[in-house]
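J.: could you work out the structure for the sequence below:
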Amino acid sequence: MKVSVVIPVYNAGAYLDRSIGSMLAQTLPPGELEVVAVDDGSTDDSPGRLDAIAADHPRVRVIHTPNSGWPGRPRNIGIEAATGEYVQFLDQDDWMPSGALERLYQMGRQNDADIVLGKVASNFRPVSQGVFRHTMVACTVWDAPLIDSLTPHKMFRSVFLRDNGIRFPEGRRRLEDQLFMTKAYFAARNVSIIADQAYYFYAHRADDLNAGSEAIIPEGYYANLREVLEVVIGSTEPGADRHRFLRRFWRAEMLGRLSEPSYPDFQPAYQGAMFRAVRELAGDLIPPEVDDELGPVLRARASLVRGNRPDALRDLARSMRAVKLEAAAGSWRWSTGRLVVNMQLRFAHGDGRPLTLVRRGDELLLDPDLTTGIIEPIVVTEPLPWRAEVSVRHPETGEEWTLPQRDVRVETMAAPNDPEALVPQLVTSATLDPGKIAGGHPLARGAWRLTARLVGPGFDRRAPVAGSGSLLSRLPAPTLVGSPPHALVPYRNDDGTLGIDVDRVTTTLAASAGQRRIVPLPQEGSRILVQLPIIMRRHTPTVRVEVLLTAGGRERSLRAVVAPRDIGVQRAVLAFKPSGERLPAGRYAAAARLDGEDGPAIPIGTVAVDARGRLALDGARRMGPLRRTGRLMRRVARDWTLWLARKLPPEARLRLRTAYGMLRGQGRTRRPS
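T.: Numbers count the residues shown, from 1 in each chain. As a prediction, the model looks like this:
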């Protein structure tokens, strides 16, 4: 048995069909995969559902146990019952795509990993993507940001868990997953991370009863967090590493819960309980030196906690809650087969006023409107250590992919009405490679949203990217990419935000291409060629489509293909010719159906049919046989030359390109990337 999947179940009902169904669809054969579902005293129809599934599928085992109140005990029972070399934890609400377990197991087996992390996606709660920037075959908690991923939905070597006595705390309590994961990370000799696709999906329940959705009780929550911090302290030596690990919990589980957006709205008694619990724990286990590496705003919050100023902390959170991110794309265009988005990111007040910095002597202060009457002005360090992330996100599954950036810089400009105030903004250029953005693969079907994140100087905000100026009236051309080809259409929503439609979810190729110029190309014998306003890279497979010829109320259908052709730029070319019965002589309105037999058709011109049934497109020149042969020979020679050039060393390629440019009178060309 290679993999045992442990699923704690309590009143899951119909959601079991999705979670266990995703396990039954895995590519590991029955003899190599088992599902251990542990029913924790469910009071609905879950026990019967589980037994029925197990009766039909021998790979599913069901264990019924009295209710323990939390997932810890059923997970431990599953660990003891598991016979697989590796154990994967799956929650009853979640699912994994087919092939996920086999790929995770292979990664663990090949690299002798104690823990294997697969990229995670969520459609209802934030997921730290920093851990999944790159695939890593071997790392540890000391040299990778593993501590930012403390949910247990990962694959563990069974012997590793048993030999180290790593188990979940049992009973009704919080942070049992963080305690488990912290012990596991510090004990692991080797951890592998796979980031080339989403392997685990947190799925929102319509009844909002996902695990961990209950409000926390401060005294119990921070008593449980104390256990986690004690593991960190017991596993580290005093110094920078210990401070780094503690800072993660200080920032997220402690200061983060005393911040916007929720904290100002809590009832006073609950606010007081949260503040006291955090302050007591910080005083015992978080040394003040940990604050040094926090951003300016977080340092201010930390000082208010340590200084026992709960009212000022509440007022600061209320003031900071109005700060939002404005992400404006000034342009997006295709460049060498990639979509380049140039944008400006800045923080702003709720009323739209930009966040400012004020120069006072040698200090740079954060916008005084945020702190006046609450605390002393917050000093911002220079240069501004801001960073941005730009990504595409699937709104239904939560799958997210980060775009590479270049030309990233922070700019400041004078505020309109205050000579001492500066408006900072981060300028960046993000690049989307449609064939490789998703871990080396094209994006999956869906309407992907373009989103941005800006971090600094203590703020962390996300927002959809909106178009500005001419971007709202003109969008980049669509593209066909991948094998089989996927249709990617840049689009904008009614609110001006931008996205990429993959495989015709909200729009079509015809809707985008029909608004652009369609150019007739020289006709090759009986073949009519039309340049479409669609980007199509070399080596993208041919797509079969349909051309409709209409005259006098009658419609004829011709088979056609769309294929890539380099016409100065990489474009899709539509080609068709007579087929089947001869068409009657006359003039026909021609239209192309690019989105399937039920899709819309876009006009491509007027076709004349002569008495011999030959077709001619208005505006297209005819190409004789000698010219066709010459063009074919040039194309073959060009392809072979490019193939040979790619085999040369970089410097030889540079000399070749320079010589070619000089022959064409262009001078020296730029160094190839």
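
J.: in this protein, where is pLDDT below threshold?
T.: 207-213, 469-473, 567-569, 622-635, 637-639, 660-673 (pLDDT under 70).

J.: got a list of what the residue positioned nearest the centre of it touches?
T.: Nearest to the geometric centre of the chain sits residue 400, at 1.2 Å (C-alpha atoms, centre = their mean). Residues in contact with residue 400 (C-beta atoms under 8 Å, 6 or more residues apart in numbering) are 121, 127, 129, 391-394, 451. The way it works is simple: take the backbone N, C-alpha and C, and place the C-beta from them, glycine included.

J.: buried sites along stretch 26-41?
T.: Buried positions in stretch 26-41, judged by neighbour count with 16 or more other C-beta atoms under 10 Å: 26, 28, 32-41.

J.: next one: stretch 164-171
T.: Of all the residues in stretch 164-171, those buried under the rule 16+ other C-beta under 10 Å are 166-170.

J.: so which of the buried residues of stretch 26-41 are in strands?
T.: Residues of the buried residues of stretch 26-41 located in strands (DSSP state E): 33-40.

J.: and the residue nearest to residue 177 when sequence neighbours are not counted, how far is that from residue 216?
T.: Counting by C-beta to C-beta, 6 or more residues apart in numbering, residue 177 lies nearest to residue 152, which is 4.7 Å off, once chain neighbours are set aside. Using C-beta to C-beta, to the nearest Å, residue 152 is found at 18 Å from residue 216.

J.: next one: residue 548
T.: As judged by C-beta to C-beta, residue 548 and residue 216 stand 62 Å apart.

J.: ok, residue 428 next?
T.: 37 Å.

J.: neighbour count: those two, which is higher?
T.: residue 428 (23 against 17; other C-beta atoms under 10 Å).

J.: for the more buried one, name its beta-bridge partners.
T.: Listed by DSSP bridges, the beta-bridge partners for residue 428 are residue 343.

J.: against residue 336, how distant is it?
T.: Remark: distance between residue 428 and residue 336 (C-beta to C-beta) = 19 Å.

J.: can you map out the helices along this structure?
T.: Along the chain, the segments classed as helices by DSSP state H run 15-24, 46-56, 72-81, 100-111, 158-163, 176-187, 218-234, 240-249, 268-285, 296-306, 310-320, 509-513, 625-646, 650-663.

J.: so which of these is the most packed in?
T.: Among those, ranked by average contacts under mean count of other C-beta atoms under 10 Å, first place goes to helix 509-513 (a mean of 23).

J.: with just CA atoms, put it into PDB.
T.: Taking Å, rounded to 0.1, in the frame of the first residue of the first chain, the C-alpha atoms of helix 509-513 are listed here in PDB:
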ATOM      1  CA  LEU A 509     -13.000  34.300 -29.800                       C
ATOM      2  CA  ALA A 510     -15.600  35.700 -32.200                       C
ATOM      3  CA  ALA A 511     -16.700  38.400 -29.800                       C
ATOM      4  CA  SER A 512     -13.100  39.600 -29.400                       C
ATOM      5  CA  ALA A 513     -11.800  39.000 -33.000                       C
END
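
J.: can you list the domains in this protein?
T.: Per automatic domain parsing, the domain ranges recorded for the chain read 3-202, 218-318, 324-506, 511-623, 628-663.

J.: hey, which of these is tucked in deepest?
T.: Mean neighbour count (mean count of other C-beta under 10 Å) peaks for domain 3-202 among those, with a mean of 19.
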